[in-house]
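Peer 1: here are the coordinates; sequence isn't available:
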């Protein structure tokens, strides 16, 4: 009996550890807003414009399963990829320690090897009164749900990365500079 209870508990823990997403809205024909208990994001279909990115790339529309896998890879491998902590520290957050504090935008493409890759932009979404005093504030418009955010400066409050779903690797980490 104890083994059955223990096994049931372990199965429940494993399933609860997976990030399950809920679709909260569809602001356009090409964007879907998703949310889980940690953060909010928007998945852009292959037909969505990705301003100044993914030029001449074959695109695909990521699924919820693709995003769940991408988030697991990001959570597991970001700390190792995030060295030497460029544009982080002081007034700028360490990205691997604050992953849940960013809203995401997801764009799918196929690389030269035929691998599915999720290009992800991450923008700070947990502003405090102190952040506001220092000049950082959230864009409360709905524009981020309809098009790629283009934010200059802001250090690690704004960054992007590519997540290869096939080989489960991260690459192209780019953290904004400070002004």
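Peer 2: Perfect, I can see it now. Predicted model, so just to flag it, every value in this text is computed and none were measured.
Peer 1: Counting neighbours, what do you get for residue 174?
Peer 2: Residue 174 has 13 neighbours, counted by other CB atoms under 10 Å. Every residue, glycine included, has its C-beta placed from N, CA and C.
Peer 1: which stretch of helix or strand covers the nearest residue to it once chain neighbours are set aside?
Peer 2: If the residues on either side of it in the chain are set aside, residue 174 comes closest to residue 160, at 5.1 Å by CB to CB, 6 or more residues apart in numbering. Assigned by DSSP states H and E, residue 160 belongs to strand 158-164.
Peer 1: What is that strand packed up against?
Peer 2: helix 64-81, strand 116-124, strand 169-175 (3 or more CB pairs under 8 Å, 6 or more residues apart in numbering; DSSP states H and E).
Peer 1: In the last one, which residues are buried?
Peer 2: Taking 16 or more other CB atoms under 10 Å as the neighbour-count basis, strand 169-175 is seen to contain the buried residues 170, 175.
Peer 1: helices or strands next to it in the packing?
Peer 2: Secondary elements touching strand 169-175 (3+ CB pairs under 8 Å, 6+ apart): helix 64-81, strand 158-164.
Peer 1: Quick check: closest non-adjacent residue to the residue nearest in space to the middle of the chain.
Peer 2: By CA atoms, centre = their mean, the chain has its centre lying nearest to residue 104, at 4.0 Å. Distance criterion CB to CB, 6+ apart; nearest residue to residue 104, sequence neighbours excluded, is residue 41 at 3.5 Å.
Peer 1: confidence score at that neighbour?
Peer 2: As predicted, residue 41 sits at a pLDDT of 97.
Peer 1: sorry, back to before: can you say which of the helices and strands packed on strand 169-175 is packed in most?
Peer 2: strand 158-164 (a mean of 21; mean count of other CB atoms under 10 Å).
Peer 1: Walk me through which strands that strand pairs with, and which way each runs.
Peer 2: Sheet pairing of strand 158-164 (DSSP bridges) gives strand 116-124 (antiparallel), strand 169-175 (antiparallel).
Peer 1: can you give me the angle the first one makes with helix 64-81?
Peer 2: Spelled out, that is strand 116-124. Using axes from the mean of the first three to the mean of the last three CA atoms, to 10 degrees, the inter-axis angle of strand 116-124 relative to helix 64-81 is 70 degrees.
Peer 1: mind checking which of the strands paired with strand 158-164 is nearest residue 25?
Peer 2: For residue 25, the closest of the strands paired with strand 158-164 is strand 116-124, at 18.1 Å, according to CB to CB.
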